[in-house]
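Q: build me a model:
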Amino acid sequence: MSAGVFKVGRRVVAAAGTLTILGMIGACSAAGNNEGDGIYPGTGGGGQDDAGDASGGTGAKDGGTGGTAGTGGTAGTGGTGGAAGAAGSAGAAGAAGTAGAAGAAGAAGAAGSGGDVDAGDDADAADDADAGGDADAGDDADAGDDADAGDDAEACASQIELCDGLDNNCNGQIDEGNPGGGQDCTTGKQGICAAGTTQCVNGGIKCVQNQQPTAEICDGLDNNCDGNVDEGDPGGGAQCSTGQPGQCGYGVMHCVLGQLVCQPINQPKSEVCNGLDDDCNGVVDDGSLPGVGVNCTVPGQPNPNTPCAKSISVCQGGQIACPQTYFAQSETCNGIDDDCNGTIDDPGSVNGQPCSTGLPGVCADGTTVCLTGGTLQCNPKITPLSQPELCNNKDDDCNGTVDDLNPNTACPSQYPGAQGVNTWACTGGTCQIVSCASNYQDIDTAVGNGCECNMATWGAQCSTSSAVSVPLNTPLANPMTKTGGIATASGSAWFVVTFAKPALGTPYHFRVSLSDSHGSEFAMNVLKTCSAYDTCGSSETGQNVTTWEAATTYGSQPSDSPAPPSQVYVQITRTSSQLTCDTFTIQLANY
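A: Numbers count the residues shown, from 1 in each chain. Coordinates of the predicted model:
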């Protein structure tokens, strides 16, 4: 293969004679034939098995060290080619000791770190080094004998990136990761511009300020970086409330020690009548005020000598005023012109008025007489013991005791129309009927007419039935009668009637009839017990009947021994809830 130029990665390597290219891989992915102290290792490239020269990546500056070990100067010329980026590999070949010149080529490998140049532009392989003239690949070294390209690339990649404008870790990037940056520093400027953070800029460490100048605000800082803090009272001048009471509550905002503070415009002073809280105690126009609390004359009053014209000055609505505090009223006996008409204790107004004498009972009521000098006297309308005691919850005789009387004599005099009353009672100032005379009933409970119903009453329930015995031979023409009334709307009159029996085997009848129901105002029931109606045959009962009659012969049936039934219960009820003094009559016959 004739001599040519190969571009591998960013370095240029000259090749002479017939070469077998093992591989060309950039960016440290394949091992270069670089050998040295590892300061700037190449990014790697392909080498030759049988030649001292090798095509390399970005050259290694440490190829010079390998040159020192070599004896073949010609190979050193190959090292100069490494300056384009592949000379690093050639430097490793120099380490084989074929020629001292190869070591010089390693030094040129440092230039190879700038492997940005194109082999065609930077140097011709013939100009840099003739592979045949300088060194024979076989004479210089075998790449496999000198160094493994992978080892060199690995050494380069392990280096720490520095802020120096170089690609220290051979990853194709310069000063990546801001090496040496991120530290607090001082910019040398004033205010908030003084604080900074280190950054790697163009291969050098610089202190970059964290904040830029801004308009000044009230925060205790030099925001505009002019060397002055909170100058110009930033944020101040606005009206505000101090939170204090009264006039001290008005304020203006000022910047004080880095904070906006509401400072009062007014200071506390003596209170005056002006509608303001001058002393800042939270109360308007309080305390002792000049011109307040003195005697004054009410404006507009026709007679300045009346009570209506006299007053005491006050502070009203922030102004001193003389309000009318006394207004015309009914005249009283007190030596004052109460109605403000110019006349004190007018007799027509104060005499003859109701008053209390202080005496007990009804004698407490009196009428007034105004004596000279405004002294009022109360004369009683009723003098003590001048009238009898009545049942009215009053002390009529003024002895200090209410209703101390005999109700059976006092109440009839109070209610002369009450009849049939047996006993009275005076309760709570009211006459009450305690009991009625025999056969009298108080149906309407009115006291004025007393026990107004003159009627007999009978047992109110079955268990208290009035007993009646009807003897034999009580004929229909002359029956036994019972007359009475019912005092309550839902009440009843009960009778238990026993009919006398004849001798054994003698036929007889017994009969009950409601002979007077007072126009159907009353009804009659006949029962054999207190809860069961009597029956007649198979279909008739004693409920709501006007006549109930039984005919039998005592001893005619085996069941007659010892005796047939001869007793019934008779119940009389009202058919209407309206109470009246009307009466009913029943007739009883036994024949």
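
Q: drop to CA atoms for contacts and neighbour counts, all remaining ones
A: Noted.

Q: check which residues of the longest strand along the chain are buried.
A: In the chain, ranked by residue count with DSSP state E as the criterion, the top strand is strand 507-516. Within strand 507-516, the residues that count as buried by 16 or more other C-alpha atoms under 10 Å are Tyr508, His509, Phe510, Arg511, Val512, Ser513, Leu514, Ser515, Asp516.

Q: cool, and stretch 369-379?
A: Val369, Cys370, Gly374, Leu376, Gln377, Cys378, Asn379.

Q: contacts for that stretch next, please.
A: Here stretch 369-379 makes contact (C-alpha atoms under 8 Å, 6 or more residues apart in numbering) with 333-336, 345, 347, 350-353, 355-357, 366-368.

Q: dump the residue contacts of the residue most central in space within the chain.
A: Residue closest to the average C-alpha location in the chain (C-alpha atoms, centre = their mean): Gly243, at 28.6 Å. Gly243 sits next to Gly249 when contact means C-alpha under 8 Å, 6+ apart.

Q: which SS class is it?
A: coil (DSSP: H, G, I helix; E, B strand; the rest coil).

Q: how far away is it from Glu540?
A: Distance, Gly243 to Glu540, using C-alpha to C-alpha, to the nearest Å: 102 Å.

Q: equivalent analysis for Gln567, please.
A: Gln567 is 18 Å from Glu540, by C-alpha to C-alpha.

Q: between the two, which has more neighbouring residues?
A: Gln567 (18 against 10; other C-alpha atoms under 10 Å).

Q: pretty sure the more buried one contacts Val497?
A: Yes - using C-alpha atoms under 8 Å, Gln567 is in contact with Val497, at 5.6 Å.

Q: tell me the pLDDT of Gly348.
A: Note for Gly348: predicted pLDDT of 86.

Q: now do the end-to-end distance for stretch 484-491.
A: Span of stretch 484-491 from end to end, C-alpha to C-alpha: 13 Å.

Q: which parts of it are buried?
A: Buried-residue list, stretch 484-491, by 16+ other C-alpha under 10 Å: Gly484, Gly485, Ile486, Ala487, Thr488, Gly491.

Q: surely the last one meets Thr573?
A: Yes - here Gly491 lies in contact with Thr573, judged by C-alpha under 8 Å, at a distance of 6.7 Å.

Q: give me the distance between the nearest residue to Cys363 once chain neighbours are set aside and Leu376.
A: Of all residues not flanking Cys363 in the chain, Ile382 sits nearest, at 5.1 Å (C-alpha to C-alpha, 6 or more residues apart in numbering). Per C-alpha to C-alpha, Ile382 is found 19 Å from Leu376.

Q: tell me the pLDDT at the residue nearest to the centre of the chain?
A: Predicted confidence (pLDDT) for Gly243: 91.

Q: pLDDT below threshold where in the protein?
A: Counting by pLDDT under 70, the chain shows low-confidence ranges at 1-153, 553-565.

Q: domains in it, by residue range?
A: 4-157, 385-454, 462-590 (automatic domain parsing).

Q: after the helix or strand Thr481 falls within, next one along is what?
A: Assigned by DSSP states H and E, Thr481 belongs to strand 480-484. The element immediately downstream of strand 480-484 (helix or strand, assigned by DSSP H and E) is strand 492-499.

Q: so Pro304 touches Lys310, yeah?
A: Yes - in this structure, Pro304 is within contact of Lys310 by C-alpha under 8 Å, at 7.1 Å.

Q: who has more neighbours, those two?
A: Counted by other C-alpha under 10 Å, Pro304 and Lys310 do not tie: Lys310 has more neighbours, with 21 against 15.

Q: tell me how far that one lies from Cys322.
A: Using C-alpha to C-alpha, we find Lys310 at a distance of 9 Å from Cys322.

Q: returning to what we had before: for the residue nearest to Cys363, give its distance to Cys355.
A: Remark: distance between Ile382 and Cys355 (C-alpha to C-alpha) = 13 Å.

Q: so what sits against both of these two?
A: By C-alpha under 8 Å, 6+ apart, the residues touching both Ile382 and Cys355 are Asp365, Gly366.

Q: quick one, helices of the stretch 351-500 of the chain?
A: With helices called from DSSP state H, counting those that start in this stretch, the stretch 351-500 of the chain shows them at 407-414.

Q: which ones are touching Pro394?
A: Small correction: residue 394 is Lys, not Pro. Under the criterion of C-alpha under 8 Å, 6+ apart, the neighbours of Lys394 are Gly361, Val362, Val402, Asp403, Gly429.

Q: could I get the contacting residues of the fourth one?
A: By C-alpha under 8 Å, 6+ apart, the contact set of Asp403 is Glu389, Leu390, Cys391, Asn392, Asn393, Lys394, Asp395, Asp396, Cys426, Gly429.

Q: no further questions, thank you.
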